[in-house]
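Student: Model the following, please.
(chains A and B)
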Amino acid sequence: MTIADPSARDWRGMLPGLMLIAPALLAIALLYVVPLARSVVFAFVDAEGGFTTAHLRTAIELYGRDVIFTVMVALASLALISVTSIAIAGYLTLGATPWAVTALRWLYRWPLFIPFIVAGQTARSFLARNGLMNSLLIDSGLMDPALAQSLLDWRGLVLTFAWKQVPFVTLLLAGAMASVDRSTIEAARNMGAGRLRCLIEIVLPQVRGTLLVGLILSLVTIMSVLSVPMMVIAGNPTMMTSMMAHRVTYYGDYAVANALGLFSYLITAVAAYVYLRMTLTQHNEGGR
Amino acid sequence: MAFASLARRGAANLLPAVMIGLCAFVVFGPLTNLFLWAFAEKWFFPARYPTEFGFDFWHRVFRPRAGAWTSLFNSVWIALATVALSMALAVPAGYALARLKLPARAAIMLIFLLPQAFPSLPIFVNIAQMFYGLGLNGTYTGVVLVHSLPGLVYAVWIATAAFSAVDRTMEEAARNLGAAPLRTFRDITLPQAFPGLVAASIFVFLDSIDEFTGTFFVGTPDITTLPILMFNASMGGNYQIAAITALILLIPSIGFMLVIERFLKADVLSRIGR
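Tutor: Down below sits the predicted model:
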C-alpha cells in the first residue's frame, strides 16, 4: 500500500477539482445535454417509438419556404453586419478626424445593451408604414409621402438583426484592429496608399479570423431569437424560430418542431465547417 | 487666405459630420420612437407625431391590478434566484477550472461553451416538454432553472477568468505563513476575484431580466415577467404600454453599460476563454 499506483495517485489529485465542478456539470447535463439529445432523437421517433423520417418530410413540406427564407435573411443580415462593422471599426482605427472618432466610439455601442425584445418592439413601431422613420423622412423632404412603405418584412428583420449585432462584431473587430502592427499601415500610407486601401488590403486580412468568429456567433443568435421575428413579421414566410414556436404552442407537435430544430443545427454546423476550413487553409498557408 | 483655409477645414469636417449624424439617427431614432410612444396620449393615423402627450398610460400601467408591478417583482425575484443558483454552481466550478488539476479540462470548457455555439430554441422547446412531465411548467422553479442555463454558461466563463487572474504568489505566501486552504481562499483569493464575480453576477442578472424565449415556453401563461408583459401588450396593439415596459427594461441594461468597466477589468477580460 505504500507504493501507490501512479495513475490512482493522479486521480486522487484530481478529486477535489472534480468534486467542485461536478454540480455545474450535472446542471449543464440536465439543462443542456439531455434536451439537446432529445431534440435530435425525437425528430426521428414516431408515436410507436420506431424510427421514422416522416417528421423531417412534414417539416420540409410545410416549412421548406421558411427554411429558405431563414437562410436568406441570415445571409443578408450577416452581409450587412460585416460591411457596417468593417466600416465602423476601420474608421475607429484609421479615421483622420479625432472628434468624429470619439463621437463614433461613444455612439456605436448603444444597441449592444438593448434587449432583443425591446429592439423588436422599437422596430415594430419605427419601421411601420406610418412609423416614425417614414414620418421623419417625409418631413425632412427626403421622401415623397406616396412612396412610404412598411419595412416590416424580411427587410425589417435584416435591419433589426444588424442593429443589434453590429456593435458586438464592431467591438471584436476594433479590438483586433487595434493590435495590428501600426508600422505596416504607416509604411503603406507613406507609399501613397489611401485609407480605404489600407483598410482592405492591410488591416482586413489580419483580422479575418476575428470577423468570422463574430459572424458565426451572430448567426447563432439570429437562429435563436424568437421575439424579433414574432414581433416584426406577421404571416408567411417567416423565420424557423417563429415556426417552431407556432408548431409547439398551437399543435403541441414537438416532433416536427424538433425536425425543424435539426435544420437550424445543420445551418450553424455548415457555418462552423466553413469557418474551420478557412482557418485551416490560413494555417497551412502560414506553414508554407 | 484665412477664409480659404477655414472653408477647406469645413469641407474636411463635413463628411464625418454627415456620417456621425447618420449613425446617431440609426442608433437613437428607434429609441426616440420608444420615448414618444411611452408619453403619447394620442397618436392616431394620419398624425405623423403624437397629438397629445401625458402620463395617463403610466398611471394605467402602474395601477395596482394592471399587472406591471407583479411582472416587475416576478422579473426581479427570478433574476435574483437565477444569480444565486448560477453563482453557487459557477464559483466552485470556476475555481476548479482555474486552479485545480482536472482530467480533460479543455473538453469541460468546451461543454460550457456549447450552449452558446448552437441555436438554443430547440433546447428550450425540449426543456419545456421535460418540465411539463415533471410539473415544473408555470412554476417559479421551472423559470429559474431555464434562466440558469445561459446564466451558468456566462458565470462559469467569467468566474474561471476571474480566478485565474488572482496573484498566485500571495496565496502561496499565506499558505507558507500557516493559513489553512479554506482561510487562504476566504482572505486572499476571494477578495481578489470579487470584482470579476460581481461582473458575472451582473451579466447573469441582466440576461435573466431580458430573457424571453425560455419564459415563453416554460412560464406562460402562469408566470408573467416584464418581457412577456411587453410582448403581450405589443401583440395586442397597446403600443404605449409596450413602450413603457420597454423603457423599464432599458434601465438595468443602460445602467449596466455605465458601470461594467469598473467591475470587468482588462486583466480579467483578457483571460476569458483560457
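
Student: Test for you: state the pLDDT assigned to residue 236.
Tutor: The chain I'm using is chain A. You'll see A:Asn236 listed with a pLDDT of 78.

Student: I was after chain B.
Tutor: 88.

Student: OK, contacts around it?
Tutor: For B:Gly236, no contacting residues are found, by CB atoms under 8 Å, 6 or more residues apart in numbering or on different chains. The way it works is simple: take the backbone N, C-alpha and C, and place the C-beta from them, glycine included.

Student: Below-threshold pLDDT in the chain: ranges please.
Tutor: If you meant another chain, say so; for now it's chain A. Along chain A, the model assigns pLDDT under 70 to residues A:1-7, A:282-288.

Student: my question was about chain B
Tutor: B:1-2, B:45-46, B:66, B:260-274.

Student: Could you list the domains of it?
Tutor: Following the assignment in automatic domain parsing, chain B carries domains at B:2-54, B:62-269.

Student: In the stretch 151-288 of chain A, which residue sits closest to chain B?
Tutor: A:Gly261 (2.9 Å; CB to the nearest CB).

Student: Give me the helices and strands touching the helix or strand hosting that residue, please.
Tutor: In this structure, A:Gly261 sits in helix A:254-287 according to DSSP states H and E. Contact here means 3 or more CB pairs under 8 Å, 6 or more residues apart in numbering or on different chains; DSSP states H and E; on that basis helix A:254-287 packs against helix A:34-41, helix A:54-94, helix A:208-224, helix A:240-251, helix B:121-134.

Student: quick one on the thing from earlier: right, so the domains of chain B: which one is the most enclosed?
Tutor: domain B:62-269 (a mean of 19; mean count of other CB atoms under 10 Å in any protein chain shown).

Student: Next, the buried residues of the helix holding A:Gly261.
Tutor: For helix A:254-287, the neighbour count (16 or more other CB atoms under 10 Å in any protein chain shown) marks A:254-265, A:267-268, A:271, A:275 as buried.

Student: Nearest residue to the residue of the stretch 101-250 of chain B found nearest chain A in space, ignoring adjacent ones along the chain?
Tutor: Of all residues in the stretch 101-250 of chain B, B:Pro122 sits closest to chain A, at 2.9 Å by CB to the nearest CB. Excluding the flanking residues, the one nearest B:Pro122 by CB to CB, 6 or more residues apart in numbering or on different chains is A:Gly261, at 2.9 Å.

Student: now A:Ala255
Tutor: Here the residue nearest A:Ala255, using CB to CB, 6+ apart, is A:His55, at 4.4 Å.

Student: just checking, the residue nearest to B:Pro122 touches B:Phe118?
Tutor: No. Counting by CB atoms under 8 Å, B:Phe118 is not a contact partner of A:Gly261; they are 9.6 Å apart.

Student: got the helices and strands packed on helix A:254-287 as TSV, with distance to A:Arg195 columns?
Tutor: Listed next are the helices and strands packed on helix A:254-287 as TSV, based on distance: least, CB to CB, whole Å:
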stretch	distance to A:Arg195
helix A:34-41	46
helix A:54-94	5
helix A:208-224	19
helix A:240-251	40
helix B:121-134	42
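
Student: I'd like to know which of those helices lies nearest to A:Ala188.
Tutor: helix A:54-94 (10.7 Å; CB to CB).

Student: Now do the helix or strand that that closest one is followed by against helix A:54-94, angle only.
Tutor: Once helix A:54-94 ends, the next helix or strand along the chain (criterion: DSSP H and E) is helix A:98-107. Relative orientation of helix A:98-107 and helix A:54-94, computed by axes from the mean of the first three to the mean of the last three CA atoms, to 10 degrees: 150 degrees.

Student: residues in contact with the helix or strand following helix A:98-107?
Tutor: Sequence-wise, the next helix or strand downstream of helix A:98-107 (DSSP H and E) is helix A:116-126. Outside helix A:116-126, the residues that touch it by CB under 8 Å, 6+ apart are A:111, A:131-133, A:152, A:156, A:159-160, A:163-164, A:225, A:227-228, A:230-232, B:29-31, B:33-34, B:37, B:210, B:212, B:227, B:230-231, B:234, B:239, B:242-243, B:246, B:249-250.

Student: For the next helix or strand along the chain from helix A:116-126, list every residue counted as buried.
Tutor: Downstream of helix A:116-126, the first helix or strand assigned by DSSP H and E is helix A:132-139. Residues of helix A:132-139 classed as buried by neighbour count (16+ other CB under 10 Å): A:Leu132, A:Met133, A:Asn134, A:Ser135, A:Leu136, A:Ile138.

Student: from these, which are also near chain B?
Tutor: For chain B, the contacts drawn from the buried residues of helix A:132-139 by CB under 8 Å from any CB of the partner chain are A:Leu132, A:Met133, A:Ser135, A:Leu136, A:Ile138.

Student: just checking, the third one touches B:Tyr49?
Tutor: Yes. In this structure A:Ser135 lies within contact range of B:Tyr49 using CB under 8 Å: 6.6 Å.

Student: picking up where we left off before, and the residue nearest to B:Pro122, what is it in contact with?
Tutor: So A:Gly261 contacts A:Ser39, A:Ala43, A:Met244, B:Pro119, B:Leu121, B:Pro122, B:Val125 (CB under 8 Å, 6+ apart).

Student: Need the CA coordinates for stretch B:40-57. PDB is fine.
Tutor: Provided in PDB are the C-alpha atoms of stretch B:40-57 (Å, rounded to 0.1, in the frame of the first residue of the first chain):
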ATOM      1  CA  ALA B  40     -48.100  59.700 -26.300                       C
ATOM      2  CA  GLU B  41     -51.600  60.100 -25.000                       C
ATOM      3  CA  LYS B  42     -53.000  60.200 -28.600                       C
ATOM      4  CA  TRP B  43     -51.200  59.100 -31.700                       C
ATOM      5  CA  PHE B  44     -53.500  58.100 -34.500                       C
ATOM      6  CA  PHE B  45     -53.100  57.800 -38.200                       C
ATOM      7  CA  PRO B  46     -52.700  60.100 -40.200                       C
ATOM      8  CA  ALA B  47     -50.900  62.200 -37.500                       C
ATOM      9  CA  ARG B  48     -47.200  61.700 -38.000                       C
ATOM     10  CA  TYR B  49     -46.400  62.600 -34.400                       C
ATOM     11  CA  PRO B  50     -48.300  62.200 -31.200                       C
ATOM     12  CA  THR B  51     -51.100  64.800 -30.900                       C
ATOM     13  CA  GLU B  52     -51.200  64.800 -27.100                       C
ATOM     14  CA  PHE B  53     -48.600  64.000 -24.500                       C
ATOM     15  CA  GLY B  54     -49.100  62.900 -20.900                       C
ATOM     16  CA  PHE B  55     -48.600  60.400 -18.200                       C
ATOM     17  CA  ASP B  56     -52.000  58.800 -18.500                       C
ATOM     18  CA  PHE B  57     -50.700  55.400 -19.600                       C
END
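
Student: which residues sit against that stretch?
Tutor: Stretch B:40-57 has contacts (CB under 8 Å, 6+ apart) with A:Asn130, A:Ser135, A:Ile138, A:Asp139, B:Leu36, B:Trp37, B:Ala38, B:Phe39, B:Tyr239, B:Gln240, B:Ile241, B:Ile244.

Student: Now B:Lys42. Its backbone dihedrals?
Tutor: phi -130, psi 130 (degrees, to the nearest 10).

Student: what bridges to it?
Tutor: Per DSSP bridges, the residues bridged to B:Lys42 are B:Glu52.

Student: and the gap between it and B:Pro30?
Tutor: 21 Å (CB to CB, to the nearest Å).

Student: in what helix or strand does B:Phe231 lie?
Tutor: helix B:226-235.

Student: Any figure for the gap between A:Gly95 and A:Val220?
Tutor: A:Gly95 is 31 Å from A:Val220, by CB to CB.

Student: which of the two has more neighbours?
Tutor: Higher neighbour count among A:Gly95 and A:Val220: A:Val220, with 21 against 18, using other CB atoms under 10 Å in any protein chain shown.
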